[in-house]
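Peer 1: the sequence and its predicted three-dimensional model are supplied below.
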Amino acid sequence: MHESNDIRRLNLFERYLTLWVGLCMLAGLAIGKLLPGAVDALRRLEFGGGSQINAPIAVLIWLMIYPMMLKVDFASVLGVGKRPRGLIITCLVNWLVKPFSMALLGYVFFKHLFLPWIGAELADQYVAGVIILAAAPCTAMVFVWSYLTRGDAAYTLVQVSVNDLLMLALFAPIVTFLVRGASALTVPFMVLVYAVVFFIVVPLVAGAVTRRTLIRRRGLAWFENSFLLRFHPVAVSALLATLVLIFAFQADNITKRFFHVVLIAVPILIQVYFNASLVYGLMKLLRVPHSIAAPGALIGASNFFELAVATAIALYGPDSGAALATVVGVLVEVPVMLSVCAFCNRTRGWFDSASAEGCPQPAPGCCANWRAFACEAAERAGRA
């Protein structure tokens, strides 16, 4: 049988996302310093008096999230009972470990270890920011990470769908509870509810209705291969524009507190590697196939930074320390997650499926028995 390394690569934008983020940061800083009046006018634009939801950023983030929600097939959730272990592990870590471990790390680093350099007021802001970041599991980039690790695409979709549903109920209460417990800040709960409704419920419903309607009329192939592709440039452009605007709002904070950016990255990095290792180890212990374990580890470690940034801005303002902390999450996300992908790819041999059904996408090195399963799949295809 012909063997292929099946090397998978990111496209140009995804491969250099850290570079684009850096360029947007510089552009935003320049705009913030050179055009302070215009930036201040944009900062004051809100959806309704007292909502604290910045209108320009809200529109841009909605343009990013809506295309992601178009990919979510909630009908696939109904079949999750066939292979529940991977999903249970991911959900438990995402909602019972990740936000609480991040709150602990934020409290230790910002309220104690880094306190002499940042001060009590900013310590509270940074704690709130990293909690908001950790309480929002990733939904979009997980598809990229899953692809790079030869993950089970259908199961990854189920994981994302379930996380989106859980976010509706758990995101606001967890953020409120942890921020109040780990910092001296108050959380305006209704503002948090507005953020959940605007940034999760609205695009989720719009995406589900659009997906259902267009697939019924034009078919799944047209929807995935034509309609979805049209939104990719929109989502990318909205992401870059959002970053420029955020860094323009944060210009004074960043230029005066660049050292703080480095400090904020420390607990975020520890938390990412801790949660990825925890999920991956539990998957190995419970004999979950690598095609599920790898994307599970990645979704357990990465963050829905678009939602986190929007929520931090809605709660504490675009020039707050909380918003800055979520932006640091954007800066470290891509290189860190690529390193996790590389580790998962190098350790495929650790996983040993017991049957071909346990290895639905046999690929070189995906488990100890991949050759046998690949031959069996080829024989089945030949008989068909």
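Peer 2: Happy to help now that I have it. Residues are numbered from 1 along each chain as shown.
Peer 1: check the gap between V266 and V196 for me.
Peer 2: Between V266 and V196 the computed distance is 29 Å (CB to CB, to the nearest Å). Where C-beta positions appear, they are placed from N, C-alpha and C, glycine not excepted.
Peer 1: the two: who's more crowded?
Peer 2: It is V196, of V266 and V196, that has more neighbours when counted by other CB atoms under 10 Å, with 21 against 16.
Peer 1: output the contacting helices and strands for the helix or strand the more buried one falls within.
Peer 2: Assigned by DSSP states H and E, V196 belongs to helix 189-196. Here helix 189-196 touches helix 153-182, helix 305-316, going by 3 or more CB pairs under 8 Å, 6 or more residues apart in numbering; DSSP states H and E.
Peer 1: pLDDT on the next helix or strand after the last one, on average?
Peer 2: It refers to helix 305-316. Per DSSP H and E, the first helix or strand lying C-terminal to helix 305-316 is helix 321-346. Taken as a whole, helix 321-346 carries a mean pLDDT of 83.
Peer 1: buried residues in helix 321-346?
Peer 2: Within helix 321-346, the residues that qualify as buried are 321-334, 336-338, 340-341, 343-345, counting by 16 or more other CB atoms under 10 Å.
Peer 1: OK, contacts around the closest residue to L42 other than its chain neighbours?
Peer 2: Counting by CB to CB, 6 or more residues apart in numbering, L42 lies nearest to P56, which is 5.4 Å off, once chain neighbours are set aside. Contacts for P56 (CB atoms under 8 Å, 6 or more residues apart in numbering) come out as 42, 45, 245.
Peer 1: what distance do you get for V336 to N303?
Peer 2: Using CB to CB, one gets 10 Å for the distance from V336 to N303.
Peer 1: actually A38, sorry about that
Peer 2: The span separating A38 from N303 equals 30 Å under the rule CB to CB.
Peer 1: can you spell out the domain ranges of the chain, please?
Peer 2: When the chain is parsed into structural domains using automatic domain parsing, the resulting residue ranges are 12-348, 352-384.
Peer 1: now M102. Nearest residue, chain neighbours left out?
Peer 2: Skipping the residues right next to it in sequence, M102 comes nearest to A134 by CB to CB, 6+ apart, at 3.4 Å.
Peer 1: okay, the one you found: pLDDT?
Peer 2: The pLDDT attached to A134 in the predicted structure is 89.
Peer 1: how many residues are close by it?
Peer 2: Neighbour count of A134, defined by other CB under 10 Å: 29.
Peer 1: phi, psi of it?
Peer 2: A134 adopts backbone torsions of phi -70, psi -20, taken as degrees, to the nearest 10.
Peer 1: which residues touch it?
Peer 2: Contact criterion CB under 8 Å, 6+ apart gives 98-99, 101-103, 271, 303 as the residues in contact with A134.
Peer 1: swap in 10 Å and give it another go.
Peer 2: Contact criterion CB atoms under 10 Å, 6 or more residues apart in numbering gives 94, 97-103, 105-106, 174-175, 178, 267-268, 271-272, 275, 303, 308, 329 as the residues in contact with A134.
Peer 1: tell me how far it lies from G281.
Peer 2: For A134, the distance to G281 under the criterion CB to CB works out to 19 Å.
Peer 1: on that earlier part again, element containing the residue nearest to L42?
Peer 2: Under the criterion DSSP H and E, the helix or strand holding P56 is helix 55-70.
Peer 1: following that helix, which helix or strand shows up next?
Peer 2: Past helix 55-70, further along toward the C-terminus, the next helix or strand under DSSP H and E is helix 84-92.
Peer 1: C-terminal to that next one, what's the next element?
Peer 2: Where DSSP H and E defines the elements, the next helix or strand beyond helix 84-92 is helix 98-108.
Peer 1: ok so, going back, okay, A38 and N303: which has more neighbours?
Peer 2: Set A38 next to N303 and count neighbours by other CB under 10 Å: N303 wins out with 30 against 12.
Peer 1: the more buried one touches N163, doesn't it?
Peer 2: No: contact between N303 and N163 fails when scored by CB atoms under 10 Å: they sit 11.3 Å apart.
Peer 1: just for the stretch 101-250 of the chain, where's the confidence low?
Peer 2: Regions of the stretch 101-250 of the chain meeting the criterion pLDDT under 70 cover residues 139-141, 153.
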